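> my questions concern the predicted model and sequence given below.
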Amino acid sequence: MRNTLLAILCVILITSFSFAQAPAADAKVKTAPAAQTSPASGAEMFKAYCASCHGKDGKGSGPAAEALKKPVPDLTLLSKKNNGEFPMDHVVQIIHDNGKIPAHGSAEMPVWGPVSLAVSHDQPSTVLQREHNLAHYIESLQAK
């Protein structure tokens, strides 16, 4: 439960980069729960959870990207880097078990898994639906 709350807080902080303007010196950080999104809409999930780092276009130019230690991958080149075939299973696995991606957090504190479970009301079937629909949206972003 603690990891879930920490993960949600991380998502909130990263997402807030998307909408933040220069705060006043005495401004306080506001927190909010992770945005509720439709598990049927990969585009909606991408905008809410991924675009702050990966950019709205998926090219890695989101407003939070420069705060990360490693460059954010250009998600539009996944097919090109995989001999013209979108690596669906690999993308779903990264969405599901992103603890292996250093920028997403360690294996001890994965970021997206707990958030996905929390916004899916602890329903594993809804988590799977989210993962697949998000991966299909990322597939739609591929460079032609």
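Yes, it's here. Numbering: from 1, shown residues only.
> would you mind naming the helix or strand containing the spatially closest residue to Pro124 that is not a sequence neighbour?
In space, and not counting its chain neighbours, Pro124 is closest to Leu117: 7.8 Å by C-beta to C-beta, 6 or more residues apart in numbering. In short, each C-beta sits where N, CA and C put it, glycine included. Using DSSP states H and E, Leu117 sits in helix 112-119.
> where do the helices sit along the chain?
With helices called from DSSP state H, the chain shows them at 2-19, 42-45, 51-54, 88-96, 112-119, 124-140.
> looking at these, which is nearest to Lys80?
With C-beta to C-beta as the measure, helix 124-140 is the member of those nearest Lys80 (12.5 Å).
> so for that closest one, what gets flagged as buried?
Residues of helix 124-140 classed as buried: Thr126, Val127, Arg130, Glu131, His132, Asn133, Leu134, Ala135, Tyr137, Ile138, Glu139 (neighbour count, 16 or more other C-beta atoms under 10 Å).
> my guess is Gly78 contacts Ser140. True?
Just to correct that, residue 78 is Leu rather than Gly. No. Counting by C-beta atoms under 8 Å, Leu78 stays clear of Ser140, with 11.5 Å between them.
> mean confidence (pLDDT) on stretch 117-135, please.
Across stretch 117-135, pLDDT averages out at 91.
> list the contacts of that stretch.
By C-beta atoms under 8 Å, 6 or more residues apart in numbering, the residues outside stretch 117-135 that reach it are 4, 7-8, 34-37, 39-42, 45-46, 50, 88, 91-92, 95-96, 116.
> swap in 10 Å and give it another go.
Applying C-beta atoms under 10 Å, 6 or more residues apart in numbering, the set of residues contacting stretch 117-135 from outside is 1, 4-5, 7-8, 11, 33-46, 48-50, 78, 86-97, 112-113, 115-116.
> could I have it exported to PDB, CA atoms only?
C-alpha atoms of stretch 117-135 as PDB (Å, rounded to 0.1, in the frame of the first residue of the first chain):
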ATOM      1  CA  LEU A 117      -3.900  -0.900 -10.400                       C
ATOM      2  CA  ALA A 118      -5.100   2.000  -8.200                       C
ATOM      3  CA  VAL A 119      -7.000   3.700 -11.000                       C
ATOM      4  CA  SER A 120      -8.400   0.400 -12.100                       C
ATOM      5  CA  HIS A 121      -9.900  -0.200  -8.600                       C
ATOM      6  CA  ASP A 122      -7.700  -3.200  -8.000                       C
ATOM      7  CA  GLN A 123      -9.200  -5.100 -11.000                       C
ATOM      8  CA  PRO A 124      -6.400  -7.100 -12.800                       C
ATOM      9  CA  SER A 125      -8.600  -7.500 -15.900                       C
ATOM     10  CA  THR A 126      -8.900  -3.700 -16.200                       C
ATOM     11  CA  VAL A 127      -5.100  -3.300 -15.700                       C
ATOM     12  CA  LEU A 128      -4.600  -5.700 -18.700                       C
ATOM     13  CA  GLN A 129      -7.100  -3.700 -20.800                       C
ATOM     14  CA  ARG A 130      -5.300  -0.500 -19.900                       C
ATOM     15  CA  GLU A 131      -1.900  -2.000 -20.800                       C
ATOM     16  CA  HIS A 132      -3.000  -3.300 -24.200                       C
ATOM     17  CA  ASN A 133      -4.900  -0.100 -25.100                       C
ATOM     18  CA  LEU A 134      -2.000   2.100 -24.200                       C
ATOM     19  CA  ALA A 135       0.400  -0.100 -26.200                       C
END
